[in-house]
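S.K.: Just a sequence and a predicted model for now, questions to come.
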Amino acid sequence: MTQNGNFKRRVRARAEKTGESYTAAFSHIRESAPSDPGPQARSVRLAVAQTTPYVDPRSAAELRASGEEMRRLMREAQKARARMIHFPEGATCSPNKRIMSSTGRDPVGPSDWSRFEWTVLREELDATRELARELGLFAVIGSVHQLTEPHRPHNSLYIVSDRGELVTRYDERLLSNTKISFMYTPGSTPVTFEVDGVRFGCSLGMETHFPEIFREYEQLDVDCVLFSTTGATPAFAAEALGHAASNRYWVSFSVLAYPGFMPPSGIAAPSGEWVAQCRADATPSLAIVDVDHNPGEIARPWRRMARAGIYEPHMVNDPRSGGRDTF
């Protein structure tokens, strides 16, 4: 249906441009199709992960374990011919606010970031980057990003290329009350990047509650938003599906594997439906989907037109009604 509709639009556009009849334009485009195929769909095989929660950054053993688990999942993704793997928020470590509190566990106070084993974290990240290079795999990794004192760190997503290079970094912008009060420095800008012609945007934490984040990425022409969080309620999952449907792009939904009534990681199609999900038993696993850029997609251009005021010329303001409905 999409390919056929795209072909008809090309025929009408040629007829309007050249003055030919529809039949003549149809014949010309059909004959030239092998050498003039029009825009081509592009795709990237994406693996979305759910990983074990590690919450104590004082523990070198936990940091090592998280790194080993991520690298194991990366090897699984590569065996499944994935081009990119998407990890949850805090995949390297999601520091517990009570562990980090400088005033004790209750009440929670400002985080003492000197407790973090930063050297071990950097070693694990370096090992993970090196594996990305060996496997030829892009990796999107949830991690705390250290800033110079006295600044608090960012809560971030690292984007590592298939050459093992840091391409860019997304810092969570709309932080929770605890995060902004006691833990992190907020980010300030959206981040996009491309893999094989498919464009991705990044989102973190509780940002699924803010439609403006996802609307902004639609305006930036992304094909997929990579949303990472630590633990998702059913509301988070419902919002991810809604953002996919309303913006007509893919949403990759990556969460830590906490036991209990929480939805698993998964990938939502532009139709607003899950096309793949990880295991629901809160164990580390992957879901894999070919995420595409479809130049024949018609819903997004129409919705942009609808938002641009095309209805205003058709509106009626009848002074006889006095602004009220009448019979």
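M.R.: Done, it's in.
S.K.: Stretch 236-248 - what's its average pLDDT?
M.R.: Average pLDDT, stretch 236-248: 96.
S.K.: So for that stretch, what gets flagged as buried?
M.R.: 236, 237, 239, 240, 241, 242, 243, 244, 245, 246, 247, 248 (16 or more other Cβ atoms under 10 Å). Every residue, glycine included, has its C-beta placed from N, CA and C.
S.K.: Against residue 158, how distant is the second one?
M.R.: When Cβ to Cβ, to the nearest Å is applied, the distance between residue 237 and residue 158 equals 24 Å.
S.K.: and if you look at the first one?
M.R.: To residue 158, residue 236 is 22 Å away according to Cβ to Cβ.
S.K.: Repeat that for the fourth one.
M.R.: Computed as Cβ to Cβ, the residue 240 to residue 158 distance reads 21 Å.
S.K.: And the third one, by the same measure?
M.R.: The spacing between residue 239 and residue 158, counted by Cβ to Cβ, is 24 Å.
S.K.: likewise the fifth one?
M.R.: The spacing between residue 241 and residue 158, counted by Cβ to Cβ, is 26 Å.
S.K.: and if you look at residue 292?
M.R.: Residue 292 is 25 Å from residue 158, by Cβ to Cβ.
S.K.: How far off centre is the longest helix belonging to the chain?
M.R.: Assignment by DSSP state H gives helix 60-79 as the longest helix of the chain. Chain-centre distance of helix 60-79: 21 Å, with Cα atoms, centre = their mean, to the nearest Å.
S.K.: List the buried residues for it?
M.R.: With the criterion 16+ other Cβ under 10 Å, helix 60-79 contains buried residues 62-64, 66-67, 69-71, 73-74, 76-78.
S.K.: Residue 265: which of those is nearest?
M.R.: Nearest to residue 265 among the buried residues of helix 60-79, counting by Cβ to Cβ, is residue 73 at 11.0 Å.
S.K.: so what's the residue lying closest to that closest one once chain neighbours are set aside up against?
M.R.: Closest residue in space to residue 73, ignoring its immediate chain neighbours: residue 49 at 5.1 Å, by Cβ to Cβ, 6 or more residues apart in numbering. Shown in contact with residue 49 (Cβ atoms under 8 Å, 6 or more residues apart in numbering): 70, 73, 77, 85-88, 91, 254, 265, 278, 284-286.
S.K.: check contacts around residue 143.
M.R.: Going by Cβ under 8 Å, 6+ apart, residue 143 touches 90, 91, 92, 93, 121, 125, 156, 157, 158.
S.K.: Now do the residue nearest to residue 118 when sequence neighbours are not counted, the pLDDT please.
M.R.: Closest residue to residue 118 apart from its sequence neighbours, by Cβ to Cβ, 6+ apart: residue 146 at 5.8 Å. Here the pLDDT value assigned to residue 146 is 97.
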